[in-house]
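>>> just the structure for this:
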Amino acid sequence: MNKQLEAKIEYLIKNIPRLIKNFSYRQGPDLYFYKRVTDLRKRHPLKKLFNDSYFFELLYATLTAWDMNARGAKMKYFDEFKKNILKNQILFEELDNLKLSQVSNKQFLQVIKKIEELYEGLHLMKTEGKLVSNSKIMHFILPDLIMPMDRQNTLIFFFGNTMESRAKFLKIIDLSWLISKQLDLSKFLDDEWNRSIPKIIDNAIICNQSSKYRK
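Residues are numbered from 1 along each chain as shown. Presented below is the predicted three-dimensional model:
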């Protein structure tokens with residue numbers, strides 16, 4: 001790992017408590033649908049949810065509420081969207097119940113290979129680019145394992161640019177895992193935006209980037 005990324009990790013480990021305390025984010029359709037989809041995930045195993053059309057409708061609505069069909073991004077029609085996720089059902093189920101902070105060093109290589117395979121198999125957008133849409137849908141379905149990502153916050157924070165790639169996606173998974181092993185982030189969990197450890201890390205990055213833009 002290069003020194004720049006090491007410094008980013010050290011910064012987050014030191015400042016996550018402060019950033020989460022100062023985190024403030026809008027409350028609207030994005031939070032409403034996010035709470036609905038994560039509550040559903042907590043109550044039911046994936047095998048059951050993958051047989052429930054409502055679950056896919058909720059995933060689709062949540063992605064839309066998270067701006068994945070705006071500002072030039074165009075999602076595939078619902079039927080194609082659902083079909084593509086179902087094609088990857090086995091991989092999703094193999095990763096189900098894994099928690100980022102509880103993945104051991106020994107497990108991590110195998111887990112990251114499955115995550116990479118899942119990333120390659122998901123094609124949810126009409127427009128180019130996979131990192132943002134794939135990380136978000138993977139987070140909704142595997143909320144305790146995968147961190148949602150975007151260009152303006154995640155990519156700029158870690159890499160200083162908004163260019164997507166599979167390598168960057170996998171590196172961010174690696175970095176989020178390292179951070180989760182260094183801190184007890186469970187104490188920041190709540191029933192609003194901090195609903196999982198991966199999202200807590202994401203929220204800290206959003207807070208950091210938002211404060212930079214306000215200066």
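
>>> buried stuff in stretch 25-37?
For stretch 25-37, the neighbour count (16 or more other C-beta atoms under 10 Å) marks 30, 33-34, 37 as buried. Quick note: C-beta positions are derived from backbone N, CA and C, even for glycine.

>>> can you put those residues in TSV and add distance to Thr162 and secondary structure?
Listed next are the buried residues of stretch 25-37 as TSV, based on distance: C-beta to C-beta, whole Å; DSSP: H, G, I helix; E, B strand; the rest coil:
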residue	distance to Thr162	secondary structure
Asp30	20	helix
Phe33	25	helix
Tyr34	23	helix
Val37	26	helix
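
>>> which one of these is nearest to Ser186?
When those are ranked by distance to Ser186 (C-beta to C-beta), Tyr34 comes first, at 19.1 Å.

>>> can you pull the contacts of the closest one?
With contacts taken as C-beta atoms under 8 Å, 6 or more residues apart in numbering, Tyr34 has the following neighbours: 62, 65-66, 140, 193, 195.

>>> what is the subsequent helix or strand relative to the helix or strand hosting Ile173?
Secondary structure here is read from DSSP states H and E; on that basis Ile173 sits in helix 166-182. Scanning forward in sequence from helix 166-182, with DSSP H and E defining helices and strands, the next element found is helix 197-214.

>>> out of the contacts of Tyr34, which is nearest to Gly129?
Checking the contacts of Tyr34 against Gly129 with C-beta to C-beta, the nearest one is Trp66 at 14.4 Å.

>>> my guess is the closest one contacts Asp30, does it?
Yes: under the contact definition of C-beta atoms under 8 Å, Trp66 touches Asp30, with a separation of 5.5 Å.

>>> between the contacts of Tyr34, which is nearest Phe23?
Nearest member of these to Phe23, counting by C-beta to C-beta, is Trp193, at 7.1 Å.

>>> for this protein, give me the ranges with low pLDDT.
By pLDDT under 70, the weakly predicted segments of the chain are 211-215.

>>> pick out the residue nearest the middle of it.
For the chain, Pro148 is the residue whose C-alpha lies nearest the centre (C-alpha atoms, centre = their mean; 2.0 Å).
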